[in-house]
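S.K.: Give me the fold of what follows.
(chains A, B, C and D)
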There are 4 protein chains.
Amino acid sequence: MATPGYHDDKAAILARLKKVEGQVRGLQRMVDDDQYCIDVLTQVSAATKALQSVAVQLMNDHLSHCVANAVQTGDQAEADRIVVEAGKAIERLVKS
Amino acid sequence: MATPGYHDDKAAILARLKKVEGQVRGLQRMVDDDQYCIDVLTQVSAATKALQSVAVQLMNDHLSHCVANAVQTGDQAEADRIVVEAGKAIERLVKS
Amino acid sequence: MATPGYHDDKAAILARLKKVEGQVRGLQRMVDDDQYCIDVLTQVSAATKALQSVAVQLMNDHLSHCVANAVQTGDQAEADRIVVEAGKAIERLVKS
Amino acid sequence: MATPGYHDDKAAILARLKKVEGQVRGLQRMVDDDQYCIDVLTQVSAATKALQSVAVQLMNDHLSHCVANAVQTGDQAEADRIVVEAGKAIERLVKS
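M.R.: Numbers count the residues shown, from 1 in each chain, chains lettered A, B, ... in the order given. I've put the predicted structure just below:
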């Protein structure tokens, strides 16, 4: 398996995901404790934003490593493929 | 503490949040295993959508119970307050 | 036709939509003038946010007038229907 | 001024923006005619999605032309700058 684009940020990304996991466990405690809907919703928005920030960091790493490398090899078909693939991932992020 | 609007859906919401927690733990395993950026990003989009679905369910429950109850009491100031509060929560969701 | 929930904000909402129309015409001029992709994208994000703000205002007005009125009439089936309808509109906004 | 990344798609992007302009003008007519909040909101969601699709197309063109070209020149500082710039634009799109 090739080195992923986020290799140098791996610890930071794992720490962010660990924090999101904590937010989602906290949400379960809030619901279990019958906390007020709006307070739960505020925390759902915070967890959603945290996940989106992870996505933005992964995409930046992907562009600056995987996409840049594919372009630099000079293999135009592979460069085209990886750019189309990145575009579809951006579309999923924008529409989620 | 009053009964929250999601009282009757509590088990379903906890099950959804448990599933999101599993998705976020799966994301950590993917990153730990150096899986391909785009595959990780696809799963981040799935977890984000799952969290948004929880938010939509919580908001529906909040409108049909808490907001409806506040309106029915006939206390106009309280009804106005809870509608403004719901509007702000919707804004946070739309912008997250 | 019944008075819509946004009746009192009609002038403000029309002014916001007129401004969005101006932003979208400005986008056409930018593209026609071959302006830099990122500058065009920045303006697309601004127009998108402006449309979302219109949506939030329309939804607030809808909750505080149409939904509140339906709940106050005491017709439970109609109140349920309008709350479900509002929930679906919120879902469309959150997912767009 | 350099050729923008969307050069080959210029007619298609202008046609999409023209359609969005029509949607926003249609929204003004709906509000002017006091149409039902939910019907207006459905059209706001449609216009928002149409704008996001324009953004995705612009970003794809930007990646496959401007970013790819900057990487291929071999000027690492310029390649880094344009990748960071693209990442910030993606972040604005994801958060709008």
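
S.K.: Closest to the centroid, which residue in chain A?
M.R.: By C-alpha atoms, centre = their mean, the mean C-alpha position of chain A lies nearest to residue A:55, the distance being 2.0 Å.

S.K.: Please tell me how far that one sits from residue C:82.
M.R.: 35 Å (C-beta to C-beta, to the nearest Å). Every C-beta, even on glycine, is put in place using the N, C-alpha and C of the backbone.

S.K.: cool, and residue A:12?
M.R.: Residue A:12 is 46 Å from residue C:82, where distance means C-beta to C-beta.

S.K.: Name the residue in these two with the higher neighbour count.
M.R.: Remark: of residue A:12 and residue C:82, residue C:82 carries more neighbours, 23 against 12, as counted by other C-beta atoms under 10 Å in any protein chain shown.

S.K.: Please tell me I have it right and the more buried one contacts residue C:70.
M.R.: Yes. Applying C-beta atoms under 8 Å, one finds residue C:82 in contact with residue C:70, separated by 4.3 Å.

S.K.: thinking again about what came up before, got a list of what the residue nearest to the centre of chain A touches?
M.R.: Taking C-beta atoms under 8 Å, 6 or more residues apart in numbering or on different chains, we find residue A:55 in contact with A:93, B:41, B:44, B:45, B:48, D:94.

S.K.: ditto for residue A:44
M.R.: Applying C-beta under 8 Å, 6+ apart, we find residue A:44 in contact with A:27, B:51, B:54, B:55, B:58, B:93.

S.K.: who wins for neighbours among these?
M.R.: Using other C-beta under 10 Å as the neighbour test, these are led by residue B:51, with 28 neighbours.

S.K.: what's the nearest residue to it if we skip its chain neighbours?
M.R.: residue A:48 (4.9 Å; C-beta to C-beta, 6 or more residues apart in numbering or on different chains).

S.K.: which secondary structure element contains the residue nearest to the centre of chain A?
M.R.: helix A:37-61 (DSSP states H and E).

S.K.: of all the residues in chain A, which ones are close to chain D?
M.R.: Residues of chain A lying near chain D by C-beta under 8 Å from any C-beta of the partner chain: A:49, A:52, A:55-56, A:59-60, A:63-64, A:67-68, A:71-72, A:74, A:79-80, A:83-84, A:86-87, A:90-91, A:93-95.

S.K.: Please list only the buried members of those residues.
M.R.: A:49, A:52, A:55-56, A:59-60, A:63-64, A:67-68, A:71, A:79, A:83, A:86-87, A:90-91, A:93-94 (16 or more other C-beta atoms under 10 Å in any protein chain shown).

S.K.: re the thing from before, among the residues of chain A next to chain D, which are in helices?
M.R.: Judged by DSSP state H, these include A:49, A:52, A:55-56, A:59-60, A:68, A:71-72, A:79-80, A:83-84, A:86-87, A:90-91, A:93-94 as members of helices.

S.K.: CA atoms only: put the host helix or strand of residue A:27 into PDB for me.
M.R.: Following DSSP H and E, one finds residue A:27 within helix A:10-32. Taking C-alpha atoms only, helix A:10-32 is exported to PDB below (Å, rounded to 0.1, in the frame of the first residue of the first chain):
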ATOM      1  CA  LYS A  10      -1.400  11.200  10.900                       C
ATOM      2  CA  ALA A  11      -1.100  11.900  14.600                       C
ATOM      3  CA  ALA A  12      -3.000  15.200  14.300                       C
ATOM      4  CA  ILE A  13      -5.800  13.500  12.300                       C
ATOM      5  CA  LEU A  14      -6.100  10.600  14.800                       C
ATOM      6  CA  ALA A  15      -6.300  13.100  17.600                       C
ATOM      7  CA  ARG A  16      -9.100  15.100  15.900                       C
ATOM      8  CA  LEU A  17     -11.000  11.800  15.200                       C
ATOM      9  CA  LYS A  18     -10.500  10.800  18.900                       C
ATOM     10  CA  LYS A  19     -12.000  14.100  19.900                       C
ATOM     11  CA  VAL A  20     -15.000  13.600  17.500                       C
ATOM     12  CA  GLU A  21     -15.500  10.100  19.000                       C
ATOM     13  CA  GLY A  22     -15.600  11.800  22.500                       C
ATOM     14  CA  GLN A  23     -18.200  14.300  21.200                       C
ATOM     15  CA  VAL A  24     -20.400  11.500  19.900                       C
ATOM     16  CA  ARG A  25     -20.100   9.600  23.200                       C
ATOM     17  CA  GLY A  26     -21.000  12.800  25.000                       C
ATOM     18  CA  LEU A  27     -24.000  13.100  22.700                       C
ATOM     19  CA  GLN A  28     -25.100   9.700  23.800                       C
ATOM     20  CA  ARG A  29     -24.800  10.700  27.500                       C
ATOM     21  CA  MET A  30     -26.800  13.900  26.800                       C
ATOM     22  CA  VAL A  31     -29.600  11.900  25.200                       C
ATOM     23  CA  ASP A  32     -29.500   9.200  27.900                       C
END
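
S.K.: Okay then, goodbye and thanks.
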